[in-house]
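Colleague: Show me the folded form of this:
(one chain, ligands or ions: 2)
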Amino acid sequence: MEQTLAIIKPDGVSRGLIGEVIIRIERNKLKIKAMKLIQMSKTQAQGFYAVHRERPFFQSLTDFMCSGPVVVMVLEGENAIKPWRDMMGATNYKDAAEGTIRRDFATDIEKNVVHGSDAPETAAFETGYFFNALERV
Ligand code: ATP
Ligand code: MG
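Modeller: Ligands and ions are numbered 1, 2, ... in the order given. Take a look at the predicted model:
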């Protein structure tokens, strides 16, 4: 079993897409092991995206990610990282495959509704960033 971090980003929450995303997660047989609604501070968003600190979009991305509430979740399943990323679709919604969350709902390369960890090491860092052992079932 593998775990991954999923985030419903501020655009997804403000547009009323929490239920839509969770339905897709459950239909795809990923188990939700932890979940909460939070609003990050700028510092917390910068810490979360520290791997991207040299990227030109870092400032804008971290502003966006703390602009409103987000839903953070730990998902578990067999190789959970890949199926969740497959469900999300490509970073740029214009390149995302049909039936993916980003293809169906994203409006912008930055405001792309959801986040997913990209490797086991980042998943361990990212799930630990938001949840301690007592907050996971
Ligand atoms: P995420 O990490 O959110 O799951 P990802 O792995 O598909 O998405 P990354 O390359 O890790 O994409 O970029 C992290 C996030 O930064 C993207 O989801 C998007 O919100 C934003 N982003 C990525 N590339 C750009 C860009 N060229 N311009 C603006 N924002 C971008
Ligand atoms: Mg990423």
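
Colleague: Which helix or which strand is home to Leu75?
Modeller: Here Leu75 sits within strand 70-77, counting by DSSP states H and E.

Colleague: got it, and Leu37?
Modeller: Using DSSP H and E, Leu37 maps to strand 31-38.

Colleague: follow-up on the earlier one: elements contacting the strand holding Leu75?
Modeller: strand 2-8, helix 10-14, helix 18-27, strand 31-38 (3 or more C-beta pairs under 8 Å, 6 or more residues apart in numbering; DSSP states H and E). For glycine as for every other residue, the C-beta is placed from the backbone atoms N, C-alpha and C.

Colleague: Pull out the buried residues from the shortest one.
Modeller: For helix 10-14, a neighbour-count test (16 or more other C-beta atoms under 10 Å) marks 10-13 as buried.

Colleague: try stretch 128-137
Modeller: 130-131.

Colleague: just the CA coordinates of it, formatted as PDB?
Modeller: This file holds the C-alpha atoms of stretch 128-137, laid out as PDB (Å, rounded to 0.1, in the frame of the first residue of the first chain):
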ATOM      1  CA  GLY A 128       3.800  14.700   7.200                       C
ATOM      2  CA  TYR A 129       3.600  18.400   6.500                       C
ATOM      3  CA  PHE A 130      -0.100  18.500   7.200                       C
ATOM      4  CA  PHE A 131      -0.900  15.400   9.300                       C
ATOM      5  CA  ASN A 132       0.500  13.800  12.400                       C
ATOM      6  CA  ALA A 133       0.000  10.100  13.300                       C
ATOM      7  CA  LEU A 134      -3.100  10.900  15.500                       C
ATOM      8  CA  GLU A 135      -4.900  12.600  12.600                       C
ATOM      9  CA  ARG A 136      -4.700   9.500  10.300                       C
ATOM     10  CA  VAL A 137      -6.900   6.400  10.600                       C
END
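
Colleague: Cool, thanks, signing off.
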